[in-house]
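Q: A structural model of the following input is requested.
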Amino acid sequence: MDIGKREISTVELGLIGTAVKALRKRFLANVLAATTIALGVGASTAVFTVANAVLLRPLPYKDPNRIVIASMDLRKRDVRNVRFSFANLADLRDQTKSTFEDFAGVETTQRAIVQTENGTPEQISVAGVTPNFFRLLGANIAYGRDFSDQDGLPQPPRSLWTAPQTPPLPYIGILSYEYFVRRYGGNPAILGHPAFPLGQPGPIIVGVLAPGFKLYFPPEDGIDATPDVWAATRSRYDRDGESIYVVGKLRHGVPLEEAQASADVVAARIREVCPFCATAGFSLRIQLIRQQLAAAVRPAILALLGSGIFLLLIAYANVTNLALVSLSVRERELAVRAALGATCWRLLRSLIVEAVLLAGTGAVAGLMLAAIAIRSLRTFGPADIPRLDTARIDFHVLGFAALAAFIVVIVVVLAPAWRISRSELMDSLHRASQHAGLSRSSSLRKSVVVLEIALAFVLLIGSGLMFRSFLVLQRIDPGFDSHGLLTFQVLGVNRDQNSLEKRAALIQEIRQQLQAIPGVQSVTGCDRFPLAGGFFGVVRWGTDEALSDASKYQEADQEEVLPGYFETMHIPVLEGRTFTDADNVPGRKLLIVDEFLAKKAFPGQSAVGKRILVHIRTPDVEWVQVIGVVQHVRATSLAEPGREQIYITGGFEEAGIVDSWAARITGQPVQYEQAVRAAVKGVDSTLLVTGILPADALIDEAQTTTRFTLLLIGSFGMIAGLLAGIGIYGVLSSAVRQRTAEIGIRVALGAKKRQILELVLNEGFRLMLIGLSIGLAGGFVLTRLMSAILVGTKPADPLTFVSIAGLFFLMAASAAILPAMRASSLDPADILRHE
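A: Modelled structure (predicted):
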């Protein structure tokens, strides 16, 4: 038994040694093949890793495939993803128990400023959740306990005119493990005490989450994935206050369609008791959380995945060509070995070992390239791609790479196996020329090159369309001038929630101190900057006709601003005037609208001086006068115009919520960071300045996803074009070698060099035209799948198709010129003497 094993081992080692020697004989060709495999496997593995992390990998929750996101839509107003009221959440939870185990809610994450023990301010994030939130998601508690239903009982009713009969209930909180360690050193003594010391209001901490818990919601919802403090909400059954996002869990075996049907029944009942819901087309939409999370980036990720697969196919085609060349060169060698007694299986086994070594080397190199690419994507990728930070090489990715390498082995071995199985090797011993064997594989090689050209053309068409989209984005006017504008947040201004006068005085002092900085032209503030991400407030508005027909009400984005906002942001005023300090007080029923709302509300008329109905600060709609019309601003995306916009002052809403600030600067905005911090600290040392960025960075961030997709698809397209060019060069070079005798005879009979040059170039152009024809047909079909990620560009953009076709013409000419020049320079006497 041992002897048999030793003999098998010796045979295997001999095969490996023979394979290594055979590969070394064709060193350059095999290096090219391994590099091609590495590029194909590396690129496709990198994009598969991203797709696996973003689209495929289950979320780190209990029963993730049963967890859904419930969304509210107002179909008649063309508004999606409206936040829930607690009444709507309670109705959905109580009336769908046959299809859902439970529903839970989370409020938009808030940024808070607290003082540490040494008196320095610290920014933390706080999220409000219903008491059952962590139980639904299956989150583990490391210390203390989870929320109980008692922690979410509503506060006792309060009156503005009489003292409360019952003291308010304390809010209960749970800390994230990371904040627990960072702030409290991992000391569980904080349990049972308020989260924030020094008399600052804060929930009583009863538990600490296990490490690593993250909240995965669509990025456009503006919810922090890792809040520092989680507080149980204490809210009443109220249908007006829409402030929460809702997750649910399907019962075992309940399909999504049945769950949606039960939610539709609830939506119909809500429309019956809520007149606004009925007129607005209120509906409920149930989607798996994994699908909803990546819905916005799914088209881009799928486009990248398709590009990676295309590049892998081109790599396969290139390796196939190299394998056919190798077979042509080695055909006589294999025939001699067969004549000396080598069986077909032994010959095939040696070729398989060579292919495994070649594919293995290329796959390992490809994995190394993929690892580098993944690290770079995690570092420099867009922030709005969910879970990109979790992209890593795991068993699924290794399986994908192994499958890609296995296909390489099949590609390399398939043609030789077919020739050996047909017993055609011995025929090569009777051929007159060593190069005669090339004729049998030349047709197949040309077909493979045509396929390469077609695939590369489609890939480059995708690159061209993304480049056109990027150029369109560059030219889009966001509605404000970002150059020379410095943006930042001043947190802590709104902590005194019971004194509008104090907040107004503090805001005014901050403005004055910032305005006094040398080089600052003007200063303003708002509740949220355009293109800064997150969720803009939505306000209901209407005109006279909405009084008799409530379905005429529409929705607009609401922005709360300080006087001087439009002047500092350089937002053009089209009609009327902007806000003054005299307008920034309670009782002034004034607002400014954008051009879209003005045209919709008063077509063909001036909107200035007219009134519209709005629902902002009062239980019912109220009439408010329009004092100005400004240019529309792209608030949430450069790619889409977005909804109409209404601007109010902080005094109008009696809230004074101003966190975001902007200063128009003379010179480079980034040079004013320290001056801004010092000015704010001079007003109040407990205020915290964060997020100091030039406004140009907001524009740049809005282009990130398109630029990211362009960079990857463009890189794949260039590699594909290079591989296709190599394929053309290889085929024409082989054709020249194969037809050397014919070329010599033509020259001897009087053919000129120009005719020989045309002979070879025409062959290259013929292959290119066939490949482009196939690629054009495929491009017209496949690029339609990219329509969701294109901006201002049609999938069948003629300029892009013509430009890429011209690029391919140059590529084919470049690849064909060297073999053509070599053919035209051959000496007929030397050729005929050699033959």
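
Q: show me where pLDDT drops low in the stretch 101-250 of the chain?
A: In the predicted model of the stretch 101-250 of the chain, residues 109-113, 115-119, 158-165, 196-201, 237, 240-241 satisfy pLDDT under 70.

Q: Off-centre distance for stretch 516-529?
A: In terms of Cα atoms, centre = their mean, to the nearest Å, the centre of stretch 516-529 is found 32 Å from the chain centre.

Q: which residues sit against it?
A: For stretch 516-529, the surrounding residues in contact (Cβ atoms under 8 Å, 6 or more residues apart in numbering) are 487, 490, 507, 511, 514-515, 534, 536-537, 559-565, 567-569, 657-667, 672, 675-676, 679, 695, 698. For glycine as for every other residue, the C-beta is placed from the backbone atoms N, C-alpha and C.

Q: repeat for stretch 660-667
A: Contacts of stretch 660-667 (Cβ under 8 Å, 6+ apart): 484-490, 510, 514, 517, 519-529, 532, 568-570, 669, 672, 676, 695.

Q: Narrow these to just the buried residues.
A: 484-490, 510, 514, 520, 522-529, 532, 568-570, 669, 672, 676, 695 (16 or more other Cβ atoms under 10 Å).

Q: These in helices, which ones?
A: Judged by DSSP state H, helices contain the following of those: 510, 514, 568, 569, 676, 695.

Q: Just give the number of residues close to residue 544.
A: Neighbourhood size, residue 544 [other Cβ atoms under 10 Å]: 11.

Q: again, but for residue 794
A: Residue 794 has 14 neighbours, counted by other Cβ under 10 Å.

Q: Ok, residue 702 next?
A: 23.

Q: Same question for the one 5 residues further on.
A: When counting by other Cβ under 10 Å, one arrives at 17 neighbours for residue 707.

Q: still on that earlier bit, ChimeraX command to pick out the buried ones of the contacts of stretch 516-529?
A: Here is the ChimeraX selection string for the buried members of the contacts of stretch 516-529, based on 16+ other Cβ under 10 Å:
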select :487,490,507,511,514,536,537,559,560,561,562,563,564,565,568,569,657,658,659,660,661,662,663,664,665,672,675,676,679,695,698
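
Q: Which of the contacts of stretch 516-529 fall within strands?
A: Among these, DSSP state E puts 487, 490, 537, 559, 560, 561, 660, 661, 662, 663, 664, 665 in strands.

Q: Out of those residues, show me where the pLDDT dips lowest.
A: Among those, residue 537 has the lowest pLDDT, at 73.

Q: Same list (the ones in strands among the contacts of stretch 516-529) but as TSV, adding distance to residue 69.
A: Shown next, in TSV, are the ones in strands among the contacts of stretch 516-529 (distance: Cβ to Cβ, whole Å):
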residue	distance to residue 69
487	31
490	33
537	21
559	27
560	28
561	32
660	28
661	33
662	34
663	38
664	40
665	41
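
Q: Need the max-distance pair from those.
A: Across the ones in strands among the contacts of stretch 516-529, the longest distance by Cβ to Cβ is 28.3 Å; it joins 537 and 665.

Q: Walking through the stretch 651-800 of the chain, point out its strands one by one.
A: 660-665, 688-694 (DSSP state E, counting those that start in this stretch).

Q: Between strand 660-665 and the longest one, find me the angle.
A: Here strand 688-694 runs at 50 degrees with respect to strand 660-665, directions being taken by axes from the mean of the first three to the mean of the last three Cα atoms, to 10 degrees.

Q: neighbouring strands for strand 688-694, and are they parallel or not?
A: Strand 688-694 has its sheet partners listed here by DSSP bridges as strand 485-491 (antiparallel).

Q: Likewise for the first one?
A: Strand 660-665 pairs in its sheet with strand 485-491 (antiparallel), strand 520-526 (antiparallel), by DSSP bridges.

Q: What mean pLDDT does the last one get?
A: The predicted model assigns strand 520-526 a mean pLDDT of 92.

Q: Send over that strand as PDB, restricted to the C-alpha atoms.
A: The C-alpha coordinates for strand 520-526 follow below in PDB (Å, rounded to 0.1, in the frame of the first residue of the first chain):
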ATOM      1  CA  VAL A 520     -16.200  87.400   5.900                       C
ATOM      2  CA  GLN A 521     -18.700  89.200   3.600                       C
ATOM      3  CA  SER A 522     -21.900  87.800   5.000                       C
ATOM      4  CA  VAL A 523     -23.300  85.100   7.300                       C
ATOM      5  CA  THR A 524     -26.500  83.200   7.400                       C
ATOM      6  CA  GLY A 525     -28.100  80.000   8.900                       C
ATOM      7  CA  CYS A 526     -30.700  77.400   8.200                       C
END
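
Q: Number the chain from 16, please
A: With 16 as the first residue, the last one maps to strand 535-541.

Q: nearest to residue 304, of the strands paired with strand 675-680?
A: Of the strands paired with strand 675-680, nearest to residue 304 by Cβ to Cβ is strand 500-506, at 29.5 Å.

Q: what about residue 487, neighbour count?
A: Around residue 487 there are 16 other residues, counting by other Cβ under 10 Å.

Q: With residue 813 instead?
A: 8.

Q: how about the strands in the stretch 16-165 of the chain?
A: Using DSSP E, counting those that start in this stretch, strands in the stretch 16-165 of the chain cover 82-89, 94-97, 99-100, 115-122, 125-130, 136-144, 156-159.

Q: ok, now the stretch 466-615 of the chain?
A: Under DSSP E, counting those that start in this stretch, the stretch 466-615 of the chain gives strands at 500-506, 535-541, 552-557, 569-576, 588-591, 605-609.

Q: what's the closest of these to residue 413?
A: If you check each of the strands of the stretch 466-615 of the chain against residue 413 by Cβ to Cβ, strand 500-506 wins as the nearest, at 43.2 Å.

Q: Now that closest one - C-alpha only, CSV.
A: Extracted C-alpha coordinates of strand 500-506, given in CSV (Å, rounded to 0.1, in the frame of the first residue of the first chain):
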residue,chain,number,x,y,z
LEU,A,500,-18.8,79.6,0.7
LEU,A,501,-17.9,77.9,4.0
THR,A,502,-20.5,75.7,5.6
PHE,A,503,-20.5,74.4,9.2
GLN,A,504,-22.8,73.4,12.1
VAL,A,505,-23.1,75.1,15.4
LEU,A,506,-24.6,72.7,17.9
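
Q: So which residues make contact with it?
A: 126-128, 136, 138, 525, 540, 544, 547, 583-585, 673-680, 684-685, 687, 691, 695, 702-711, 713.

Q: between it and strand 136-144, what angle do the directions make?
A: Angle of strand 500-506 versus strand 136-144, following the same axes, to 10 degrees, is 70 degrees.

Q: Of all the strands of the stretch 666-815 of the chain, which one comes closest to residue 328?
A: The nearest among the strands of the stretch 666-815 of the chain, by Cβ to Cβ, is strand 703-709 at 42.1 Å.

Q: from the middle of its chain, how far away would the closest one be?
A: The chain centroid and the centroid of strand 703-709 are separated by 25 Å, computed with Cα atoms, centre = their mean.

Q: what's the answer for stretch 277-287, then?
A: Chain-centre distance of stretch 277-287: 34 Å, with Cα atoms, centre = their mean.

Q: host element of residue 830?
A: Element membership for residue 830, per DSSP states H and E: helix 813-839.

Q: And residue 653, by the same measure?
A: Counting by DSSP H and E, residue 653 is found in no helix or strand.

Q: related to what we said a few turns ago, quick one: which of the strands of the stretch 16-165 of the chain is nearest residue 273?
A: strand 115-122 (10.4 Å).

Q: how close does residue 739 sit to residue 634?
A: Relative to residue 634, residue 739 is positioned 67 Å away (Cβ to Cβ, to the nearest Å).

Q: Compare those two (neighbour count), which wins?
A: residue 739 (32 against 7).

Q: which residues does that one contact?
A: Residue 739 touches 329, 464, 467, 468, 470, 471, 786, 826, counting by Cβ under 8 Å, 6+ apart.

Q: Closest one of these to residue 257?
A: Using Cβ to Cβ, residue 470 comes nearest to residue 257 of the contacts of residue 739, at 49.4 Å.

Q: Cheers, nothing more for now.
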